[in-house]
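# what would the 3D arrangement of this be:
(2 chains)
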2 protein chains.
Amino acid sequence: MKGFFEATSVAVVGVSASPTNLGRAIVYNLTEFRFPGVIYPVGPKGGAFMGHKIYRTILEIPDKVDLAVVLTPAHTIPDILKECGEKGIKRVVIESSGFSEFADERKKLEEEILDIAKRYNIRFVGPNGIGLINLENGLAVPFMPFEFEYPLGKVAILAQSGGIGACMLNALAFENIGFSKFVSMGNKLNVNENDLLDFLKNDDSTDNIFIYLEGLADGRKLMELASRCTKPVIIYKSNYTKASSGIAKSHSASLTSDKATVDAAFKQAGIIQAESIRESVDLIKAFELKPMRGNRLAVISRSGGHAVVAADAASSYGFDLVAFPDELIKLVEEHSRAGVIKPQNPLDLGDLFELDLYEKILDMTLERDDVDGVCFIHNYQGIFEAGQSRQLSARIGPLMKKHNKPVVYCLFTSNKEMEKHKKVCQVPIFIDPWEAIRALDVLYKFHTKNVHPFVADFRSPMWTPRIDELLNDYLPGEKGAQLPVDLSYRILASYGIQTAPWLVSENTEEVLAAAEEFGYPVVLKTASTDVVHKSDEGAVVLNIKNRVELLEALTNLQLKFGHQVLIQKQIEEGIEIFVGSTQDDNFGPVMLFGLGGIFVELFNDVSRRIAPINPKIAVQMIDETKAGKLLRGFRSQDEADIEACADMMVRLSYLVCDLHMIAEVDLNPVKVATGHDKGATVVDCRMTWA
Amino acid sequence: MKGFFEATSVAVVGVSASPTNLGRAIVYNLTEFRFPGVIYPVGPKGGAFMGHKIYRTILEIPDKVDLAVVLTPAHTIPDILKECGEKGIKRVVIESSGFSEFADERKKLEEEILDIAKRYNIRFVGPNGIGLINLENGLAVPFMPFEFEYPLGKVAILAQSGGIGACMLNALAFENIGFSKFVSMGNKLNVNENDLLDFLKNDDSTDNIFIYLEGLADGRKLMELASRCTKPVIIYKSNYTKASSGIAKSHSASLTSDKATVDAAFKQAGIIQAESIRESVDLIKAFELKPMRGNRLAVISRSGGHAVVAADAASSYGFDLVAFPDELIKLVEEHSRAGVIKPQNPLDLGDLFELDLYEKILDMTLERDDVDGVCFIHNYQGIFEAGQSRQLSARIGPLMKKHNKPVVYCLFTSNKEMEKHKKVCQVPIFIDPWEAIRALDVLYKFHTKNVHPFVADFRSPMWTPRIDELLNDYLPGEKGAQLPVDLSYRILASYGIQTAPWLVSENTEEVLAAAEEFGYPVVLKTASTDVVHKSDEGAVVLNIKNRVELLEALTNLQLKFGHQVLIQKQIEEGIEIFVGSTQDDNFGPVMLFGLGGIFVELFNDVSRRIAPINPKIAVQMIDETKAGKLLRGFRSQDEADIEACADMMVRLSYLVCDLHMIAEVDLNPVKVATGHDKGATVVDCRMTWA
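Numbers count the residues shown, from 1 in each chain, chains lettered A, B, ... in the order given. The predicted structure is shown next:
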């Protein structure tokens, strides 16, 4: 990827003398951003632009070229790419549109250019993006003309939309936040977010990575990369709804994803997720600050009202407002004018008119071992206190660096004054205490997070060739059809998942013998896979207490649903939960956990993770749900065997990673033993073919 | 209230020649805001400031004075107020601090000035605020110096914090939104939000009302006023947590409120609630637009990425993205340059470079009967398209007015360009499609809302003197103690609330006879009010099937818990719910509704309203909860008797409004009949004394 950003000679293909030609903006941007290398405009009509000769073809260029930027009609791309190959150009940015985002039949064209790229060992960004910018060397090749108003910083911006990418650059510049590299990824045909993330995680110029996505190139790979990346990875993913699917497909050839699964996957991989453009900016702002390593917070405010708001926010995010030491309280009291404000945390400085003391108070507060971060709120209406206030603004950054703790700086003043502050203040300025405290929360969570490295390609230690043999004994069913009941239970057994003792049979004597062996009460169900809602259709008989009842139930079931039945020991005790898995287009097998029975649907109380999971993640999944509260012993009930429950979840996650022929697994209910009893037992199971 | 805003002569009390004197800023502001009336500075030392003679006392002023603004130490206020009274000044703004917000013992001082005000028929704003501004006549009396950079508009800003009030003015100015009147209410001793709301609801200069509150003067009165106000009332209420209680008390002498109750009350009264400063600005922005009368939305976007985001947002807020007519699609296709974007809704104009067509497309879209509002997204990077884009910005406002439909205008450009747009664009500019679509949602909900006028003082038609007599038969218990069991059931009966047939007795024969009368099975409970968790302590025996079991249960219960027992008919069928009420410091009796049993606690699935309620509100309460889903017939179960359930809720709401001696009522469970069965029956009831 490095080659994309460190080119010293650039061919711009698709430049003409026409005033409406978009390729000219690329040349313009390189000039505007002070690109120190050589620019070679290329266009079939020749001529000149901005003092550069326009070469008729790439091959005409007399010198070595590191990077070609191409903005010509889609159908011309194959030939141009070949020329690049022959010229020895290994990095190309294709900005043209009109590929699969426009019409499905253009997939062929995409395959063609992928083939050419492979043949010539070319990597290319795009098509259908606005290009890239490396702010360090002025390599700026978008076809929209940018003004060079962006500060150099440490945030890399990757966007699957030129418009949103550009708007992020503008929004960050407004906040005085600089960026390092910018890539508009377009259709991500050859270079995608994973390639770039892999590069940026070791890029010295980049501390934080922001990505806007409409579709995922490879969700599991993204999780693996992000979970091993030590830098913050912030992602805003859009395109979740039917309404956006059409426009997203036509905009960046992206397919819609399932929001709940993406949420789970990002969380699992330690990805910080934004839900809007504004939140994206907020999150990037947060990571401009120093690390928040604990939850002890001091709020210092010139405005009482903002202090009240900050206190509500601090409490809502679970921060601990530590008491200020006597020494500092005394200092504030001594210098307060009317003596009408009581010092506490939040500390209200509304009565303290010596602004030079503010810096001292902030310094003293940051110095303390029992303070992990500070929310500092300043408020004035310009004119009288303007000069001193700007001095204060300029001191926040150095104090933050000195103590290596975060200061969220809220400033409330007139808009004219605010402009002046932005010029001297080296840290982001917040204009709402809620947003400021939330930034600390984001930092705190990031710096104390515990992310398990994710493995994209997985075969579990439990898998044996015998399991494949087992599956081979059965004809695979149609997609979505249910697996034979006995096969499902045998598969569970081979992964060490405990089920209620069971037998599938059509023989009365065998059924009676099984009942004797299990002990009454037993449960009898049809083994027919044609019955979908077994309970609703009367295909399940519970609480069979003796031989007579069993024979009656057997006769009835066989008459109605066919000869094959499943007899199980009835498991009486335990809390009913549901453990399951499903297949996601982006992420493959996904684990599900929730309450059993109707409540899982009524409350939609389900946690999700991408498989495989380990016991720790399983316990996280349990504790995210209300079912977890029940298992933990709600209202002084006995705690259930959470370990056994987690163990079952881990085993199922292995199972679904190994056996790609299985689409969905539904263990519902599972009975988890409570108190002195141990274990978790599957009472009913349903699997479908992929 | 009018007198506060239309004064033509103002005495500013507390002005001196000292450069650190804060009173001088008041004189400065009046001058800066071009106040056309006369200013009389007053201060014991005399002298002059800004060309005005400083009078030594108010009485020295030779002319009639309409308004006095006072900023002198708290202890001097009584005498100054008396002087105002003698001078015939009827309106005073007290900006001094040091009252009950500083120390509880200063409550006396507050009472003293209230007395004086009453004696002289004076109304005063404050103390402990920063004053008020009427932008129409330049009456600007804050003691912080303001620059006159605020446009005149139609929003009134009331704030119980000068700092937050000022920051709202600045934030609105940044968005090009003007205000009409501003009041910093401080401790709200004599003039509170209700007085001002009552005035502003008929004020011709004000279309929208924003209020920031740390405490509520009279919650029920606020609900009554707001529910009858046809203008949008937007309130940001802070101070909900233990963390904020201290600082809020010391800042504005406000007490913390219960968030869930405030949320319910505001919703019930049609108050639009903000949860942060930023959201306050967003909501005010929304109401600068024309009304949204339906949910049919068109999204027109120059940026494909922003269109994807807008589509997600539209879908999430439930807007209907209507198809564009062929005529318009044809127009777009004809003028598209490369023909690489497919027209749909959202309509992507990324390929259409004739910006003068954008206005036509917007006009045509707004013209359509099947479009209720438009999200219009423009995006460019300055330089080439700057002039045309600014022309476009200037046309949004006139088009919105012409069609009387809202246009949320999102603009993405460089920060330099954005500044220029703000000068020509007459509507708010949004910088995130989510925020823009959300504004339409707020408008849509406001313009289609159905708010029931709330009655602050209420005695129900059901109350009769006999009910008071009933209560007089019993000694009222201690606060929080439980009412005698039979009294509770008799009170319910007198309000027509159906309970399971019951009898309280200590006589075995009576109990046996009752059982025969009710029919078995019956339930036996202790009638002792000392047992709090009856079920947990074994003080309830369910499912008593015959005389033998009843006698056994009776003996056991009487032995353990005393002689008095409650026998009830056992109600077998029905969905278990919970109906209750509690007392709130701000709002009085509050109704509660939720699932019965442990699930109400596990899921915290409770809806609230301020009593009294009508059947319509009761049904709203039911439908807000998951319990409501169950009652409506979850997973094709029979629907329950929702009418009976709502009727019980209405009756209980009357009961708690009438009987102030009752603090809490807990009807749990109530069994609601399903299918062909009708009725809702209280199975257990608990009431406590206020």
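# what parts of the stretch 351-500 of chain A come near chain B?
When proximity is defined as CB under 8 Å from any CB of the partner chain, the stretch 351-500 of chain A approaches chain B at A:351, A:353, A:379-384, A:412-416, A:418, A:431-435. Quick note: C-beta positions are derived from backbone N, CA and C, even for glycine.
# what residue, apart from its backbone neighbours, is nearest whichever residue of the stretch 301-450 of chain A sits closest to chain B spatially?
Across the stretch 301-450 of chain A, the shortest distance to chain B (CB to the nearest CB) belongs to A:Gly305, at 2.5 Å. Leaving out its chain neighbours, the residue that sits closest to A:Gly305 by CB to CB, 6 or more residues apart in numbering or on different chains is B:Ser161, at 2.5 Å.
# what sits against the one you found?
B:Ser161 makes contact with A:303-306, A:308, B:184, B:212, B:214, B:251-252, according to CB atoms under 8 Å, 6 or more residues apart in numbering or on different chains.
# reformat those residues as JSON lines; add pLDDT and secondary structure.
Shown next, in JSON lines, are the contacts of B:Ser161 (pLDDT from 0 to 100; DSSP: H, G, I helix; E, B strand; the rest coil):
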{"residue": "A:Ser303", "pLDDT": "89", "secondary structure": "coil"}
{"residue": "A:Gly304", "pLDDT": "89", "secondary structure": "helix"}
{"residue": "A:Gly305", "pLDDT": "92", "secondary structure": "helix"}
{"residue": "A:His306", "pLDDT": "94", "secondary structure": "helix"}
{"residue": "A:Val308", "pLDDT": "93", "secondary structure": "helix"}
{"residue": "B:Ser184", "pLDDT": "97", "secondary structure": "strand"}
{"residue": "B:Tyr212", "pLDDT": "97", "secondary structure": "strand"}
{"residue": "B:Glu214", "pLDDT": "94", "secondary structure": "coil"}
{"residue": "B:His251", "pLDDT": "76", "secondary structure": "helix"}
{"residue": "B:Ser252", "pLDDT": "76", "secondary structure": "helix"}
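# just the buried subset of those, written out for ChimeraX, thanks.
A single ChimeraX command selects the buried members of these (16 or more other CB atoms under 10 Å in any protein chain shown):
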select /A:303,304,305,306,308 /B:184,212,214,251,252
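# what ranges do the helices span in the stretch 1-150 of chain A?
Assigned by DSSP state H, counting those that start in this stretch, the stretch 1-150 of chain A shows helices spanning A:2-5, A:23-32, A:77-87, A:107-120.
# likewise for the stretch 301-450 of chain A?
Using DSSP H, counting those that start in this stretch, helices in the stretch 301-450 of chain A cover A:304-316, A:326-335, A:356-367, A:386-403, A:415-424, A:433-447.
# distance between stretch A:348-361 and the chain's centre?
For stretch A:348-361, the separation from the chain centroid amounts to 41 Å (computed by CA atoms, centre = their mean, to the nearest Å).
# keeping just the C-alphas, turn that stretch into PDB.
Extracted in PDB, the C-alpha atoms of stretch A:348-361 (Å, rounded to 0.1, in the frame of the first residue of the first chain):
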ATOM      1  CA  ASP A 348     -18.100  26.200  40.200                       C
ATOM      2  CA  LEU A 349     -15.700  29.100  39.500                       C
ATOM      3  CA  GLY A 350     -18.500  31.500  38.600                       C
ATOM      4  CA  ASP A 351     -17.500  33.700  41.500                       C
ATOM      5  CA  LEU A 352     -13.700  33.700  40.800                       C
ATOM      6  CA  PHE A 353     -12.800  36.500  38.500                       C
ATOM      7  CA  GLU A 354      -9.000  36.100  38.400                       C
ATOM      8  CA  LEU A 355      -8.700  34.000  35.300                       C
ATOM      9  CA  ASP A 356      -4.900  33.400  35.700                       C
ATOM     10  CA  LEU A 357      -5.900  31.200  38.700                       C
ATOM     11  CA  TYR A 358      -7.900  28.900  36.500                       C
ATOM     12  CA  GLU A 359      -4.700  27.500  35.000                       C
ATOM     13  CA  LYS A 360      -3.300  26.900  38.400                       C
ATOM     14  CA  ILE A 361      -6.400  25.100  39.600                       C
END
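# for it, buried residues please.
Neighbour-count burial for stretch A:348-361 [16+ other CB under 10 Å]: A:348-353, A:355, A:358-359, A:361.
# ok, stretch A:79-92 next?
Buried residues in stretch A:79-92, counted by 16+ other CB under 10 Å: A:80-85, A:87, A:89-92.
# those residues: which ones sit near chain B?
Checking those against chain B by CB under 8 Å from any CB, not one of them is in range.
# got JSON lines for those, with pLDDT too?
Listed next are the buried residues of stretch A:79-92 as JSON lines, based on pLDDT from 0 to 100:
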{"residue": "A:Ile80", "pLDDT": "97"}
{"residue": "A:Leu81", "pLDDT": "97"}
{"residue": "A:Lys82", "pLDDT": "97"}
{"residue": "A:Glu83", "pLDDT": "96"}
{"residue": "A:Cys84", "pLDDT": "97"}
{"residue": "A:Gly85", "pLDDT": "96"}
{"residue": "A:Lys87", "pLDDT": "96"}
{"residue": "A:Ile89", "pLDDT": "97"}
{"residue": "A:Lys90", "pLDDT": "97"}
{"residue": "A:Arg91", "pLDDT": "97"}
{"residue": "A:Val92", "pLDDT": "98"}
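# and those, which is closest to chain B?
A:Ile80 (16.2 Å).
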